[in-house]
Every structure is written in C-alpha cells, then in structure tokens.
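Enquirer: structure for this input, please:
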Amino acid sequence: MLQDNKIWVGTSAGGPVYLLPAMANRHGLIAGATGTGKTVSLKVLAESFSDLGVPVFLSDIKSDLSGMVKPGERSDSLDKRLRGCGADPDTFAYKAYPTVFWDVYAEQGHPIRATVEQMGPLLLSRMLSLNETQSGVMNILFRVARNEGYALRDLQDLKAMLVHIGENAKEYTLTYGNVSSASVGAIQRAVAILEDQGGDTFFGEPALDIGDWLRVAQNEDGTEQGVINILSADRLFNNPMMYSTFLLWMLTSLYDRLPERGDAEKPLIVFFFDEVHLLFNNCSRALMEKIEQVVRLIRSKGVGVYFITQNPADIPMTILGQLGNRIQHALRAYTPLDQKAVKVAAQTFRTNPAFDTEEAITTLKTGEALVSFLDEHGAPGIVERATILPPQSYMGAITAEEREQCIAASPLYGVYDEAVDSESAFEKLSAQKKAQEAEQTQAVQTQTAQAARFLLVNGVLRQVVPVEQAREFVQYNGNLWPIL
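Expert: Just a heads-up that it's a prediction; the model follows:
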C-alpha cells in the first residue's frame, strides 16, 4: 500500500520498509521456498504500483492472483498481521483493482496473438527446441521470406515456407547456406508438436498491441490506477519452453517499441515473471546475451522487471546482479546444495549487524522476509527482517462466472476475439503452385495437340490440317480427320 507516495511493503524492528517508486525500474527479486509468502509479496507490490498509476503485468500459474478483481475480506488473522506491521485494522482499506485477464488459449481471458514474424527466428527456435543446425535453417527461412516478400503470420505460413525451401533447397543452399532435408523435416515435426500444444491459437492476427498493456483506469474521484494485466498461465505452464519464450517475447517487444525515458518518478510499467528459472533452462548463448541486454537496458525505458523464483541461484549471476530490490522469504537447507544456496543468497544482501543474515533466511516465518531496497541514491539498503503487509484485494481464486463477467466488462472485449486470416506466405505460395500446375497442364495439352497433328495412315505419316486446306478426309479412331 502507499504511504507518503512510497510503497509500504512491510515493517521491521526499525519501522516501515519502503520501496521508492523512482527506484522501482531498477528491477527486483522475490524468492523463497514454496508456501513462504511469495504470492502475498507479489500482490502487495502489484497493488501499490497500480495505486501509483503504473500498469502491471503478471503471470498467474495457480489462478490465485485472479482475486485482485475484488476486495479482500477482513479476518482475525489479517487483523493480527496488520497490527504486527503497525497498521490499524479498522482503517485498512480492502478494495478491488482494475484487472484485465489474458490467455494464450483464449479460454480464461482475452486472446493473445503474435505473428511468426514478430516472434523472430531466435525465439521461435527456442520455442521449438531446435538445435544449432536447425536454428540456422530457421534463420535462412526468415531471410528468404523477407527477401521474396512472403509474410509470416501464422503456423500455416511457416509450414508452407518449410515446404518451399525444402523443394528449392539446392537453389537456396548456394545463396544462403546449407538447407538439408533432414533439418527441414525435424523443424516440421517440431511445428506439428507445437500445433498440438495450442501454438496455432497463439500465432496469427490480430496481433497484440503492446500499448493495451500500458492502460490506466480513471476512478470516480479523478484518481488513476494502473490496469493489472493477468496472464492465465495454468495451462501454458504445462509447456515450460513455450511459457518462458512467450514471457521473453513480451519483454523484448516492449524493449523494441518503447522510447528512452531516462530516470523518472515512477516506472511506465512493471512486469512480474513467475517461475523465472524456466527462462534460463537450456538457454543458448545467443539467447542469454539477448536476455542480459534487455534486462540491462530496458530500465531506461521505464520498465521494471521483477523475477519470482524459489531460489536466487536459479538466476545467472550476470542478471542477478542487476536486480536492485529484493524480498527474500525463507529457504530450506536440508542438503549440502541447499546450504550452499542459502549462503549465496545471504551474501547478496548488505549486512545488518542486528542479526545473522544466513541464519535468518532459514528461520523466517511465513509472511516474513529479508528485505533490501535501493535508497534515493541508488545504493542497496541494509537488509531488514520484516513482516510483509497483507494485500488489499481478495486472497484466492475467483469463480468462473466472476471471471466471465470481468472479461465481458473489459474495454478490450471483442478487440482480439476473432482471428483474421490475411494474405500471407501460405496464400501466395499456394497461388504460385496452382499457377505452376496450370502451366504444366497447358504444356502437356499443347504437346498432346502437337503430337496429334500427324496420323499414321496405311503406313504413311500424314499431316492433319485445317478443313479448308485438306486434300482428303480419313477415318481414324471413330473421327473424320482432314489431312494433306
């Protein structure tokens, strides 16, 4: 919640702990074992950004974030927690937040679509789990499509282009590099699997306008709240590679689109990426360099990125070092590997002489966290052991009926619902193939007609001519033919 235009996250022995809005685009981390309170911390931050007028995007894997659409409910346990944080339970405002639901599969929210062109060969190769050789063929496919004017909108276009470069492999190998039939076949199989997993619903038009995630809602009292965009990811999460690649595509789309803003009073938008370890699993060097570049530079465009994971060790050090605002919930140290992870997590904080950071990480209660935010000069604050405030919205999932009502009342209702099939590579290549087949048929007919101009009559080859030039007529195969 907000206090003096600062985000009040929780309370330590030294008093309230605040996240400064001007430092929110320096990215952040929410970590901790299952059941230690990460979701509550995420909701407290997301609600506060919304109250600041900052739009938010978050992925909802367990459907427990959908409750942000309605007010929370007061209880004895929440009253106790509020008093522990130094807040008055009688004045604490439970409220709903402006929320828009999205779903790649168009089942629990507005559809999200992107074109194959927008995804690009690098991310598409990751989504299809291609090896280096196959990724090279994918790059060639995109270059051929661009140079020859074939628009890549959906998977139908991608499949048509694979057939096209496979049939003309010899020609393209001389110009672009080796295009082997084995690689083309492997990509075709990967595309078929992606289709079975619902990829055909994601790729297409109308493509998502990223600007629709930058919306704010006007309240009756004239104040503004950032819209909270919730991606229903319970089904998408079953395909970890597609889930992580999709989140990375969203981030790179914002990076490519937004202009430089420099330092500002508050972020333009904040992204929360849950289960972020999936982003770095089986990550190629080229893709890792892309992720590092985006995370490093996107803050100057006003975008804050907050990673949620169980263990900070899940995140590469080159990226972990760029996460300035941290909320660390309890970690369990049952194995030597766990103990090492606890030690590494403790070393990332600025030491507080009041307690042992490493010991505290393993003894934190549910709802407690070690918190360190950047100060007004951009320096990491001393780590504090704090009790996190409860969220103001409802804790838990909403019903299917409530979700449907929210979707129907959304200002984006109907904008993305109907898919559009515009002319693209599939249509152009199909038309070219039909034209080629028609030419071949015409050539065969011409050859047949030419062959039919001579008849063998009584052992002599006689020429067929127009009637007016005929010297005589002969019976042949039941027809009367004019011949010379």
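Enquirer: report the buried residues of the helix or strand where residue 433 lies.
Expert: Assigned by DSSP states H and E, residue 433 belongs to helix 425-451. Neighbour-count burial for helix 425-451, counted by 16 or more other CB atoms under 10 Å, picks out 425, 426, 427, 428, 429. From N, CA and C alone the C-beta is placed, and that goes for glycine too.
Enquirer: how about stretch 40-52?
Expert: By 16+ other CB under 10 Å, the buried positions in stretch 40-52 come out as 40-52.
Enquirer: before we move on, what about stretch 143-151?
Expert: 144, 145, 150, 151.
Enquirer: give me the phi and psi for the residue nearest to the last one when sequence neighbours are not counted.
Expert: Same thing as residue 151. Spatial nearest neighbour of residue 151, chain neighbours left out: residue 424 (4.1 Å); criterion: CB to CB, 6 or more residues apart in numbering. For residue 424, the backbone dihedrals (degrees, to the nearest 10) come out as phi -150, psi -160.
Enquirer: residue 116 versus residue 424, what's the distance?
Expert: 9 Å (CB to CB, to the nearest Å).
Enquirer: please enumerate the shared neighbours of these two.
Expert: Residues touching both residue 424 and residue 116 (CB atoms under 8 Å, 6 or more residues apart in numbering) are 152, 153, 154, 157.
Enquirer: ok, which pair from these is furthest apart?
Expert: Using CB to CB, those reach their maximum pairwise distance at 152 and 154, which is 8.1 Å.
Enquirer: give me the common contacts of the two.
Expert: Here residue 152 and residue 154 have 115, 116, 424 as joint contacts, going by CB under 8 Å, 6+ apart.
Enquirer: residue 253: which of those residues is nearest?
Expert: Distances from residue 253 to the shared contacts of residue 152 and residue 154, taken by CB to CB, are shortest for residue 115, at 11.4 Å.
Enquirer: and for that closest one, the neighbour number?
Expert: 19 (other CB atoms under 10 Å).
Enquirer: what residues sit buried inside stretch 260-273?
Expert: For stretch 260-273, a neighbour-count test (16+ other CB under 10 Å) marks 266, 267, 268, 269, 270, 271, 272, 273 as buried.
Enquirer: let me fix that, I meant to ask about stretch 125-144.
Expert: In terms of neighbour count (16+ other CB under 10 Å), stretch 125-144 has its buried residues at 125-128, 130, 134-142, 144.
Enquirer: what sits up against it?
Expert: Contacts to stretch 125-144, defined as CB under 8 Å, 6+ apart, come from residues 117, 119-122, 124, 150, 152, 158, 161-162, 164-165, 172, 176-180, 183-184, 186-187, 190-191, 194, 199, 241-242, 245-246, 282-284, 287.
Enquirer: just the strands in the stretch 251-400 of the chain please.
Expert: Remark: strands assigned in the stretch 251-400 of the chain by DSSP state E, counting those that start in this stretch are 269-273, 303-309, 325-328, 368-372, 384-388.
Enquirer: got a markdown table for those strands, with distance to residue 437 and mean pLDDT too?
Expert: Formatted as a markdown table, these follow (distance: least, CB to CB, whole Å; pLDDT from 0 to 100):
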| stretch | distance to residue 437 | mean pLDDT |
| --- | --- | --- |
| strand 269-273 | 49 | 94 |
| strand 303-309 | 51 | 94 |
| strand 325-328 | 62 | 96 |
| strand 368-372 | 67 | 96 |
| strand 384-388 | 67 | 96 |
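Enquirer: which secondary element of the chain has the worst mean pLDDT?
Expert: When each helix and strand of the chain is scored by mean pLDDT, DSSP states H and E, strand 454-457 comes last, with a mean of 70.
Enquirer: that strand pairs with which strands?
Expert: Next to strand 454-457 in the sheet, as set by DSSP bridges, lie strand 460-463 (antiparallel).
Enquirer: put the alpha carbons of the partner strand into CSV.
Expert: What follows is strand 460-463, C-alpha atoms only, in CSV (Å, rounded to 0.1, in the frame of the first residue of the first chain):
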residue,chain,number,x,y,z
VAL,A,460,2.4,-43.3,-94.2
LEU,A,461,2.7,-40.4,-91.8
ARG,A,462,0.0,-37.8,-92.9
GLN,A,463,-0.3,-34.2,-91.6
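Enquirer: break the protein into its domains for me.
Expert: What automatic domain parsing lists as the domains of the chain is 2-110+210-409, 116-203+422-427, 452-484.
Enquirer: among the ones you listed, which comes closest to residue 435?
Expert: Going by CB to CB, the one of the domains of the chain nearest residue 435 is domain 116-203+422-427, 12.6 Å.
Enquirer: first-to-last residue distance for that closest one?
Expert: Taking CA to CA, to the nearest Å, domain 116-203+422-427 runs 15 Å from one end to the other.
Enquirer: again with stretch 340-358
Expert: 10 Å.
Enquirer: buried residues in that stretch?
Expert: Within stretch 340-358, the residues that count as buried by 16+ other CB under 10 Å are 341, 342, 345, 346, 348, 349, 352, 357, 358.
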